[in-house]
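Asker: build me a structure from this.
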Amino acid sequence: MPNNNSEIFHNQVSILHKQQPPLIAGIFLVGNMLAYILWGHADNGLILGWLAVVDIYIAIRLVRLWCYHQKKNSADFKPSYWAWEIGIASVFSGCLWGCSAFLFIDFNDPVYAAVIIVMLASMIAGCLASSSVFPPAYIGFAVPCTLLSALALIIEPAEGSNYLAMLAVGFMLINLVYCRNFYFTIKDSIRLRLEHVSLLEQLSIEKEHAESANISKSKFLAAASHDLRQPVHALSIFTDALKNMQDTPMGVKNLSDKISRSVLGLRSLFDSLLDISKLDAETVDINQEHYNIKTQCEDLLASLKPQAIGKGLALTMDLALISYHCIVVSDQILVGRILSNLLTNAINYTDAGSVTVMITEHDESIRISVIDTGKGIPDKDIDNIFDEYHQLHNPERDRNKGLGLGLSICRRLAKLLQTEIAVDSLVDQGTTFSFELPKGMIEQITPERQTSLSAAASFLSQRRILLIDDEQDIREAMTTLLQQWGCTDLLCAADQFEACDLVQTQGKPDVIISDYRLPNNRTGIEAVHSLYKTMNQSIPTLLITGDTGPQAMKAINQSGLLLLHKPVAPAKLKLALNTLLEQ
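Answerer: Residues are numbered from 1 along each chain as shown. Below is the predicted model:
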């Protein structure tokens, strides 16, 4: 915090000089006005001589003011010199105006005498505001001006002039008190302003540090996320391949099932981080469609039923206040993500009772509510539950209850869908999360495309697949899985150059599967485009990545390639390959 007196004084001098132009203009106007009024009523020679001195003083002050502005930013600038220069000039100005009383006051002509006294009093009062920032400047003007005027009144033999002299001195003393008060007020305001500026500078520095730390954290998380996803991706593929192997002992199958459940938990955590990354990168597309929300809720409840049964919870749907069709218009995938997070949260934080999805109909919208009989949320925590990584009732940080990202993701997805998530909760009674979606029309529903996924060994028979990945473990895992799906013509490459060589020697593939991050700072997008150029045509391509950084998300989104995120569920991989082969 600045409490440097020299910096404060420097600001005082700056304010003092900013007040000089209006002060000099006032001296010029009042001086010439006085000369005009007195012309012919006093000695015209004295008037011209006095006015000439006033104008010379004004010219000198203007020159010195110009010099000040030339010097104020130089290294050898001395604020005290320029402040005391004005102080000395003020003494001369005070004497000059005080002399006007000696020269021109004549009580034989009381009107003109009154004019002079009023003008002098006005000058003394007017300088108070402009010179109080440096009291010697005001004192230098007010004291000689007042004392010379009072002396002139005392010498004047007119009746009552002595009283006027005493009033003038009293007026001066009052103004000196005001000057002192103004001085401290101005000085305090300068100190506060400097402290405010210093705080803003510190805040700016701290903000830069925080932004830098946040960028570093994001880079670290992106790198860590990618590096962690690689082995989990390989593990997921190996586990699925193990489960599908013929003549696998039952004990090994049971063990592989347990490993699969652990991998599924890891995949869920990674998906939450991925959702946050997509939202941060602003790469979430909104695809509005008319669809049956009831069917979507039923599918979600069916998928979560084993988890609810494992905790002894009833998982139900209430359609008492809804018409038959339950058609909404929104993004089915994003709505599903919101509902999945809300339902998973409700199951995780409910120890006994039930979790219910209630669908109610309004004039223009349909409200979907997730109601649980859990511990409830205290009023003081309701505003915080949507913050990232904020969790209630999980001091042990049980990973089965997630990372504390679910509700944050829900709120941000709801905002994209132009709706809001409302919360109603009572401690020890339960919580209700609800949101509304606009009604849709049943005639606008697009018939679902039925995709037949053959589980037979012929799924990839007579198909040539090119796999590009620099991780040996992933190439081996993918080779095992694809061979189980019937692929006998598989080309594996570690980078784009090896892939180009394989295409030139072995022929064009039917599908390309490429990792996004490849050796030598190259990307899968670059590799694929290089292959397209080599083959003089584009090939159905699947991009797989463990990157979740905003830049990577934007680049992949702009490429238009089909994308899967590591760790990839084999079922999703099969669906993606089937989609590409149908093109």
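Asker: where do the strands sit along the stretch 451-583 of the chain?
Answerer: 464-468, 489-493, 511-515, 517-518, 522-523, 541-545, 562-565 (DSSP state E, counting those that start in this stretch).
Asker: just put those in TSV and tack on mean neighbour count and distance to Y57.
Answerer: C-beta here means a position set from N, CA and C on the backbone, and glycine is covered the same way. Output for the strands of the stretch 451-583 of the chain, formatted as TSV (neighbours: other CB atoms under 10 Å; distance: least, CB to CB, whole Å):
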stretch	mean neighbour count	distance to Y57
strand 464-468	23	88
strand 489-493	19	91
strand 511-515	25	84
strand 517-518	20	79
strand 522-523	18	77
strand 541-545	24	80
strand 562-565	19	81
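Asker: wait, which of those strands is closest to G440?
Answerer: For G440, the closest of the strands of the stretch 451-583 of the chain is strand 562-565, at 27.4 Å, according to CB to CB.
Asker: picking up where we left off before, export the strands of the stretch 451-583 of the chain to a markdown table and append columns for mean pLDDT.
Answerer: Shown next, in a markdown table, are the strands of the stretch 451-583 of the chain (pLDDT from 0 to 100):
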| stretch | mean pLDDT |
| --- | --- |
| strand 464-468 | 89 |
| strand 489-493 | 88 |
| strand 511-515 | 89 |
| strand 517-518 | 86 |
| strand 522-523 | 88 |
| strand 541-545 | 87 |
| strand 562-565 | 82 |
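Asker: those strands into a markdown table, with extra columns for distance to L62?
Answerer: A markdown table is the format used below for these (distance: least, CB to CB, whole Å):
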| stretch | distance to L62 |
| --- | --- |
| strand 464-468 | 79 |
| strand 489-493 | 82 |
| strand 511-515 | 76 |
| strand 517-518 | 71 |
| strand 522-523 | 68 |
| strand 541-545 | 72 |
| strand 562-565 | 73 |
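Asker: which among those strands is found nearest to I237?
Answerer: Of all these, strand 541-545 sits nearest to I237, with 10.7 Å by CB to CB.
Asker: quick check on the closest residue to Q537 other than its chain neighbours: phi, psi?
Answerer: The shortest distance from Q537 to any non-neighbouring residue, by CB to CB, 6 or more residues apart in numbering, is to K508 (7.8 Å). The phi/psi pair for K508 (degrees, to the nearest 10) reads phi -70, psi 140.
Asker: pretty sure K508 is touching S538, no?
Answerer: No: counting by CB atoms under 8 Å, K508 does not reach S538; the two are 10.9 Å apart.
Asker: compare the two (neighbour count), which wins?
Answerer: The neighbour comparison of K508 against S538 (other CB atoms under 10 Å) goes to K508, with 15 against 12.
Asker: tell me the contacts of the more buried one?
Answerer: Residues in contact with K508, defined by CB atoms under 8 Å, 6 or more residues apart in numbering, are R464, M535, Q537, I539.
Asker: beta partners of the first one?
Answerer: Using DSSP bridges, the bridge partners assigned to R464 are D489.
Asker: check V370 too.
Answerer: Beta-bridge partners of V370, as defined by DSSP bridges: V357, F433.
Asker: burial measure for it, as a count.
Answerer: 24.
Asker: contacting residues for it?
Answerer: Shown in contact with V370 (CB under 8 Å, 6+ apart): L339, L342, L343, A346, V355, T356, V357, T432, F433, S434.
Asker: mind listing what the closest residue to S530 other than its chain neighbours touches?
Answerer: Excluding the flanking residues, the one nearest S530 by CB to CB, 6+ apart is Q496, at 5.1 Å. Each residue near Q496 by CB under 8 Å, 6+ apart is listed here: I468, L518, R522, E526, A527, S530, L531.
Asker: where does T431 land in three-state SS?
Answerer: Three-state assignment for T431 (DSSP: H, G, I helix; E, B strand; the rest coil): strand.
Asker: just the pLDDT for it.
Answerer: In the predicted model, T431 carries a pLDDT score of 88.
Asker: counting neighbours, what do you get for the residue nearest to it when sequence neighbours are not counted?
Answerer: Once flanking residues are discounted, T431 sits nearest to S425: 4.0 Å by CB to CB, 6+ apart. Neighbour count of S425, defined by other CB under 10 Å: 19.
Asker: mind listing what's buried along whichever strand or helix holds S425?
Answerer: Assigned by DSSP states H and E, S425 belongs to strand 422-426. By 16 or more other CB atoms under 10 Å, the buried positions in strand 422-426 come out as S425.
Asker: average pLDDT for that strand?
Answerer: The model assigns strand 422-426 a mean pLDDT of 87.
Asker: the stretch 251-400 of the chain: helices as residue ranges?
Answerer: Taking DSSP state H, counting those that start in this stretch as the criterion, the stretch 251-400 of the chain carries its helices at 293-310, 332-348, 379-382.
Asker: looking at the ones you listed, spot the one closest to N73.
Answerer: So among the helices of the stretch 251-400 of the chain, helix 379-382 is nearest, using CB to CB, at 54.3 Å.
Asker: and the next helix or strand past the closest one?
Answerer: Counting by DSSP H and E, what follows helix 379-382 is helix 406-416.
Asker: just the C-alphas of that next one, formatted as CSV.
Answerer: C-alpha atoms of helix 406-416 as CSV (Å, rounded to 0.1, in the frame of the first residue of the first chain):
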residue,chain,number,x,y,z
GLY,A,406,-22.2,-34.2,-12.3
LEU,A,407,-24.4,-31.3,-11.1
SER,A,408,-22.0,-28.7,-12.6
ILE,A,409,-22.2,-30.5,-16.0
CYS,A,410,-26.0,-30.6,-15.6
ARG,A,411,-26.3,-26.9,-15.0
ARG,A,412,-24.1,-26.0,-17.9
LEU,A,413,-25.9,-28.4,-20.3
ALA,A,414,-29.3,-27.1,-19.1
LYS,A,415,-28.1,-23.5,-19.9
LEU,A,416,-27.2,-24.7,-23.5
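Asker: quick one, it and strand 422-426 angle?
Answerer: Angle, helix 406-416 to strand 422-426, by axes from the mean of the first three to the mean of the last three CA atoms, to 10 degrees: 140 degrees.
Asker: buried ones in helix 406-416?
Answerer: Buried-residue list, helix 406-416, by 16+ other CB under 10 Å: G406, L407, S408, I409, C410, R411, R412, L413, A414.
Asker: so how many other residues sit close to the closest residue in space to the last one that isn't next to it in sequence?
Answerer: Read it as A414. In space, and not counting its chain neighbours, A414 is closest to I421: 5.1 Å by CB to CB, 6+ apart. I421 is flanked by 18 other residues according to other CB under 10 Å.
Asker: now L531
Answerer: 25.
Asker: hmm, back to that, I figured the residue nearest to T431 hits G376, correct?
Answerer: Yes: in this structure, S425 is within contact of G376 by CB under 8 Å, at 4.9 Å.
Asker: what touches both of those two?
Answerer: Counting by CB under 8 Å, 6+ apart, the common neighbours of S425 and G376 are T431.
Asker: what bits of this structure have low per-residue confidence?
Answerer: 1-3, 107, 214-230, 232-236, 239-285, 320-325, 386-406, 442-459, 548-549, 583 (pLDDT under 70).
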